[in-house]
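Participant: Requesting a structural model of the entry that follows:
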Amino acid sequence: LANEYDISEGMVSDILKEKYHWLSVDTNSYQANLKCDKKIPFPLVEEALVIWVDNAFKASLIITDDILSTKAL
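Facilitator: Down below sits the predicted model:
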């Protein structure tokens, strides 16, 4: 597998050790599209912001850094 995917044997080992974690990931979730799995310090705030951003995009609103920072507070 390491040669086939051009990754180290250690990475294959790490992935296999955490296989139940990776198999339980909801492929439709926001987190599934992230490159690395990070612990989110405030998951409820994160989820609320994701919903708000989705709704803002659907309404064709432009989201600036200032607006996002204010909304997060």
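Participant: Can you give me the distance of Leu23 to Val12?
Facilitator: 15 Å (CB to CB, to the nearest Å). Heads up, the C-betas are built off the backbone N, CA and C, glycines and all.
Participant: domains for the protein, by residue range?
Facilitator: For the chain, automatic domain parsing gives the domain ranges 1-35, 39-73.
Participant: From the chain's centroid, how far away is the first one?
Facilitator: Relative to the centre of its chain, domain 1-35 is centred 14 Å away, using CA atoms, centre = their mean, to the nearest Å.
Participant: mean confidence score for that domain?
Facilitator: Across domain 1-35, pLDDT averages out at 82.
Participant: so how far is the helix ranked longest in the chain off the chain centroid?
Facilitator: Longest helix of the chain, by residue count under DSSP state H: helix 43-58. Centroid separation for helix 43-58 versus its chain: 13 Å, with CA atoms, centre = their mean.
Participant: Go through it and flag the buried ones.
Facilitator: Trp52 (16 or more other CB atoms under 10 Å).
Participant: for it, packing partners?
Facilitator: helix 65-72 (3 or more CB pairs under 8 Å, 6 or more residues apart in numbering; DSSP states H and E).
Participant: Kindly calculate the angle that the helix it packs on makes with helix 43-58.
Facilitator: Angle, helix 65-72 to helix 43-58, by axes from the mean of the first three to the mean of the last three CA atoms, to 10 degrees: 130 degrees.
Participant: Show me the contact partners of helix 65-72.
Facilitator: Val45, Leu49, Trp52, Val53 (CB atoms under 8 Å, 6 or more residues apart in numbering).
Participant: Please produce a markdown table containing those, extended by pLDDT and distance to Ser8.
Facilitator: Output for these, formatted as a markdown table (pLDDT from 0 to 100; distance: CB to CB, whole Å):
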| residue | pLDDT | distance to Ser8 |
| --- | --- | --- |
| Val45 | 84 | 36 |
| Leu49 | 86 | 35 |
| Trp52 | 89 | 40 |
| Val53 | 87 | 36 |
